[in-house]
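Student: would you be able to build a 3D model of this:
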Amino acid sequence: MGCLLKQNGGLYPRLHIGAVLLAAGEGRRMGGVAKPLIRLRGVPLISRQLVALSGAGIDEVVVVTGHARAAVEKQVQSFSVTLVHNDDYSHGQEGSVRAGLAALSGSFDAVFVVPSDQPLIGADDLMELIGAFKKRVAGHIVVPIVNGQRGNTILLDEFAHAQILASAANLGCRHLIERLPELVSVYETSNSRFISDLDTVEDVQRLARRTGWQLELPAAQETVE
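Tutor: Below is the predicted model of the structure:
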């Protein structure tokens, strides 16, 4: 008999879950800031994401690098992760998603696709999505929706994982959801952490004011390739 975990008031078979952590973007809307290196209360966002994934019991994590590769890799060297570099990171997120999914070893019941610019996501939030994944009645991609707004992180099953890798086009998760809505399992939630991300400097300042927490952008020399 497989391992059983008590979660959300019931017993469920333990899922084998992987994660792709996207840390390749150029941060164009933030003036070229490497967003994974933004510090929240002294801790880089990418480190916070890895701690959350570990706390949620994720079995394997692939970190996809691109912009500021050396600095990002330095931050994750103390974690047990697989690193993969996307040489074409300037062409958008889709290539990073595909590179990360292809680098996962073996098969997984589900795979998180995790942007590194969501500062408030913790292990409990990831467990919430795992619970939604287990309880879904249809669909292959669990997408959190908060007050009508699409959020992140998302969770793919084996079918969606294979669909992305088998596509002849450079088809990332966002396009897959927009073009094939029948694959989506919408998860309605009031958890605003799923829609809290940092796209601009103004977003950083707004979060600092709202939480009272200190946020620091990385120094220019930290992101030199």
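
Student: pLDDT weak spots in the protein?
Tutor: Low-confidence segments of the chain, defined by pLDDT under 70: 1-12, 168-172, 174, 220-225.

Student: for it, longest helix please?
Tutor: helix 123-135 (DSSP state H).

Student: that helix packs against which elements?
Tutor: strand 4-7, helix 45-55, strand 110-115, strand 141-146, strand 154-157, strand 184-188 (3 or more C-beta pairs under 8 Å, 6 or more residues apart in numbering; DSSP states H and E). Using the backbone N, CA and C atoms, a C-beta is placed for each residue, glycine as well.

Student: contacts for stretch 72-84, please.
Tutor: Residues outside stretch 72-84 that contact it (C-beta atoms under 8 Å, 6 or more residues apart in numbering): 21, 23, 34, 36-37, 44, 46-47, 50, 54, 60-65, 99-100, 102-105.

Student: dump the helices and strands packed on helix 123-135 into JSON lines; add distance to residue 27 and mean neighbour count as well.
Tutor: Listed next are the helices and strands packed on helix 123-135 as JSON lines, based on distance: least, C-beta to C-beta, whole Å; neighbours: other C-beta atoms under 10 Å:
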{"stretch": "strand 4-7", "distance to residue 27": "36", "mean neighbour count": "12"}
{"stretch": "helix 45-55", "distance to residue 27": "11", "mean neighbour count": "21"}
{"stretch": "strand 110-115", "distance to residue 27": "12", "mean neighbour count": "25"}
{"stretch": "strand 141-146", "distance to residue 27": "23", "mean neighbour count": "21"}
{"stretch": "strand 154-157", "distance to residue 27": "21", "mean neighbour count": "25"}
{"stretch": "strand 184-188", "distance to residue 27": "28", "mean neighbour count": "17"}
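
Student: buried residues in the longest helix of the chain, which are they?
Tutor: The neighbour-count check on helix 123-135 (16 or more other C-beta atoms under 10 Å) flags 125, 126, 127, 128, 129, 130, 131, 132, 133, 134 as buried.

Student: distance between the ends of stretch 124-143?
Tutor: 16 Å (C-alpha to C-alpha, to the nearest Å).

Student: need the helices and strands packed on helix 123-135 in TSV (columns: distance to residue 16).
Tutor: Formatted as TSV, those follow (distance: least, C-beta to C-beta, whole Å):
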stretch	distance to residue 16
strand 4-7	12
helix 45-55	14
strand 110-115	8
strand 141-146	16
strand 154-157	12
strand 184-188	19
